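Visitor: using only what follows, build the 3D model:
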Amino acid sequence: MERETVSVMEIFTSLQGEGPELGARHLFVRFYGCNRRCVYCDTEAALKLSGPCRIEQTPGRGDFRERPNPLNLEEVAHLILSGSVQAGGIDALTLTGGEPLLYAPFLRELLPLLDHRFPCLLETNGLLSDALQSVLPWIDVVSMDVKIPSATGEAADWEGHRRFLQTGGAKIGYVKTVLSPDVKEDELHLLAELIRSGGCPPLVLQPVSGSERDRSWIERLFDIQAGLREAGIDSVRIIPQVHKLLGVL
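Guide: The predicted structure follows:
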């Protein structure tokens, strides 16, 4: 039987710069390829189907060496478990992209090889529910995006997000949505309705990068946070991308 391979964009250590895991030391595996084209995407290179794989040599230093893709199971498992990328210790493994669930068959074989040596956080656009179901036993926390049309420039898929939320169940650690100053009230209403339908996981409002310099927008974010709480969402946090503020990956 032909073995699964995968196109990995980069493997590196950094702080987790988004959501409630903010500041924790994570080992990131970023995959090529995505099924979305959000206008705010900060890793456009990951939208490609393939390219070289960059592997950081010293944690947090950005000193990469390259090797050709695709990589097989044993190669990716070795890179994740090797001492060089884990030097200094890590709090969790983060699977990110692109969209890592595009590689669900590969992850279904890879993750058991890691033997739960550290918690596994999945960063996903929150739409591929069948793929999530197939890898869920090996995932500890799902960071689920909800895509708002005024921020992404793409059509909404509220029903797709609803199915994903129900599939993830208690493993949905939090829902994150990028907001731009163009966000509409009806989008916020639909967002609150979605979160309530999924048992009200914590909600992270992430202002689109660069917009945090607009004082009037920040003031409106406070109003949006209050409105979502009044709509029945108990935990609503405003968290920008901190890794960008620090100038690290």
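Visitor: quick check: the gap between residue 231 and residue 100.
Guide: Between residue 231 and residue 100 the distance, using CB to CB, to the nearest Å, works out to 31 Å. Where C-beta positions appear, they are placed from N, C-alpha and C, glycine not excepted.
Visitor: wait, residue 98 touches residue 35, no?
Guide: No - contact criterion CB atoms under 8 Å: residue 98 and residue 35 do not qualify, at 9.1 Å.
Visitor: more crowded one of those two?
Guide: Shown here are residue 98 and residue 35; by other CB atoms under 10 Å, residue 98 has more neighbours (27 against 13).
Visitor: assign that one to helix, strand or coil.
Guide: Secondary structure state of residue 98, per DSSP: H, G, I helix; E, B strand; the rest coil, is coil.
Visitor: so where's this protein shaky on pLDDT?
Guide: Low-confidence segments of the chain (pLDDT under 70): 1-3, 46, 83-88.
Visitor: which parts of it are helices?
Guide: 73-81, 83-86, 104-114, 129-135, 149-152, 158-168, 185-197, 215-230, 242-246 (DSSP state H).
Visitor: list the contacts for the residue lying closest to residue 173 once chain neighbours are set aside?
Guide: Once flanking residues are discounted, residue 173 sits nearest to residue 141: 3.8 Å by CB to CB, 6 or more residues apart in numbering. Going by CB atoms under 8 Å, 6 or more residues apart in numbering, residue 141 touches 21, 92, 119, 120, 121, 122, 171, 173.
Visitor: who wins for neighbours among these?
Guide: Busiest of these [other CB under 10 Å] is residue 122, holding 25 neighbours.
Visitor: not counting its neighbours along the chain, what's nearest residue 89?
Guide: Of all residues not flanking residue 89 in the chain, residue 25 sits nearest, at 6.6 Å (CB to CB, 6+ apart).
Visitor: likewise for residue 229?
Guide: Leaving aside its sequence neighbours, residue 229 sits nearest to residue 236 (CB to CB, 6+ apart; 5.6 Å).
Visitor: that neighbour against residue 201, yeah?
Guide: No - Residue 236 is beyond contact range of residue 201, at 11.0 Å (criterion: CB under 8 Å).
Visitor: between the two, which one's more packed in?
Guide: For residue 236 and residue 201, the more surrounded residue by other CB under 10 Å is residue 201, and the numbers stand at 21 against 18.
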